[in-house]
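Asker: Structural data only, the sequence is not supplied:
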């Protein structure tokens, strides 16, 4: 997973592998997932893969991140609140995070602080 | 009926030349990227090291064993035949030409194709079907720099270095057979080889190894890229890639024989 995250900075900012992986581990540590750093895709749970995808997106220069149907990406996710809390922890660069979901999942977002636009 | 027949032939011919053109375009693109210094970013270098490890280092125990088994038997047969036809005076150049120019690069290319060519073809095909290549493109990661170039370079480095290793093992085995068939001592054998080896032999060995290494990775990569969007298309892609690769290896071998005979 570390290589997967570090790749973006290695290619776009020409960071050395060690340096780019240090950035990656720093992000993983924020959400207490540093243990998955050396794991392969098939060794991770769907929520771990989801956070790796988000961190990888945060490594890119683009200011807006779209997350499409998180309830489809993460298995057995009951509510979005824990995910939103972790996204807030990760988002040190204050990027715009937009979640796109189906209206059928609307109930999962009730009571959360995110803006819902229909 | 006749018109349809000619239309069919025309379509097939156009498709063939178009695919050849596309393949040549892809080859040219890879060569351009190979020459560009900024293709060699840290991520690419990391993949290159891993690829060389998987392609050249991981195979060494099996390769040495196979080189001893096949190399020794074949060089033994060549020496036995040379003795049978009273070609003892030419034995040095026969061994050198056979081991360095012909058998070592050819056998190494076949082995690397079977082991790494198939793996690379499957890997790229799976990445293509799973849309992983699209994800990399979305992140503006150059596929040639990150995925293809390290594999092509590892193919060149691996086939060249393993060919040299194979040639050394084959020439060493040659001594055992000359000792038994001709009663030749080690010093005479070494002198015989030293006199027979020319720069042209080494140049041929290197050029052939580089050419074999290049196609051993390029063709499987191209075949993997051309995989249709279904898991069932992956074995077909590997099958097509391997057939094309073997044709290319035999083509290079025949071309080198023709060029050497000129």
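Answerer: Okay, I see it. Small disclaimer: the values here were computed from a predicted structure and weren't measured. Residues are numbered from 1 along each chain as shown, chains lettered A, B, ... in the order given.
Asker: what about the residue of chain A found nearest chain B, which SS state?
Answerer: Taking Cβ to the nearest Cβ as the measure, chain A has residue A:10 as its residue closest to chain B, at 3.8 Å. For every residue, glycine as well, the C-beta is placed using N, CA and C. Put simply, residue A:10 is helix when judged by DSSP: H, G, I helix; E, B strand; the rest coil.
Asker: Tell me the spatial nearest neighbour of it, not counting adjacent residues.
Answerer: Distance criterion Cβ to Cβ, 6 or more residues apart in numbering or on different chains; nearest residue to residue A:10, sequence neighbours excluded, is residue B:43 at 3.8 Å.
Asker: give me the number of residues near the one you found?
Answerer: Residue B:43 is flanked by 24 other residues according to other Cβ atoms under 10 Å in any protein chain shown.
Asker: isn't it right next to residue A:12, touching?
Answerer: No. Contact criterion Cβ atoms under 8 Å: residue B:43 and residue A:12 do not qualify, at 9.8 Å.
Asker: Okay, helices next: where are they in the stretch 51-200 of chain B?
Answerer: Ranges of helices within the stretch 51-200 of chain B are B:60-66, B:72-84, B:91-96, B:104-112, B:118-129, B:132-138, B:143, B:149-182, B:186-196, B:199-225, based on DSSP state H, counting those that start in this stretch.
Asker: I'd like the ones you listed as TSV, with mean pLDDT and distance to residue A:40 appended.
Answerer: As requested, these are exported to TSV (pLDDT from 0 to 100; distance: least, Cβ to Cβ, whole Å):
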stretch	mean pLDDT	distance to residue A:40
helix B:60-66	89	25
helix B:72-84	81	40
helix B:91-96	84	47
helix B:104-112	93	25
helix B:118-129	94	14
helix B:132-138	90	14
helix B:143	92	21
helix B:149-182	89	19
helix B:186-196	84	48
helix B:199-225	93	20
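Asker: what's the most buried one of those?
Answerer: When these are scored by mean count of other Cβ atoms under 10 Å in any protein chain shown, the highest mean neighbour count falls to helix B:104-112 (a mean of 24).
Asker: Give me the helices and strands touching that one, please.
Answerer: helix B:60-66, helix B:149-182, helix B:199-225, helix B:233-261 (3 or more Cβ pairs under 8 Å, 6 or more residues apart in numbering or on different chains; DSSP states H and E).
Asker: who wins for proximity to residue A:45 among the ones you listed?
Answerer: helix B:233-261 (26.5 Å; Cβ to Cβ).
Asker: angle of the closest one against helix B:104-112?
Answerer: 180 degrees (axes from the mean of the first three to the mean of the last three Cα atoms, to 10 degrees).
Asker: which secondary structure elements does helix B:233-261 contact?
Answerer: Going by 3+ Cβ pairs under 8 Å, 6+ apart, helix B:233-261 lies up against helix B:104-112, helix B:118-129, helix B:199-225.
Asker: Show the pLDDT at the one residue in chain B that gets nearest to chain A.
Answerer: Going by Cβ to the nearest Cβ, chain A is nearest to residue B:43 of chain B, at 3.8 Å. pLDDT, residue B:43: 88.
Asker: Equivalent analysis for the one 3 residues further on, please.
Answerer: Predicted confidence (pLDDT) at residue B:46: the value is 90.
Asker: does stretch B:121-136 come close to chain A?
Answerer: No. Looking at stretch B:121-136 against chain A by Cβ under 8 Å from any Cβ of the partner chain, there are no contacts, and the closest approach is 8.5 Å.
Asker: Give me the contact list for that stretch.
Answerer: Applying Cβ atoms under 8 Å, 6 or more residues apart in numbering or on different chains, the contact partners of stretch B:121-136 are B:143, B:146-147, B:220-221, B:223-225, B:227, B:229-231, B:233-234, B:237-238, B:241-242.
Asker: Residue numbers of chain B in contact with chain A?
Answerer: Counting by Cβ under 8 Å from any Cβ, chain B sits next to chain A at B:41-43, B:45-46, B:139-142, B:145-146.
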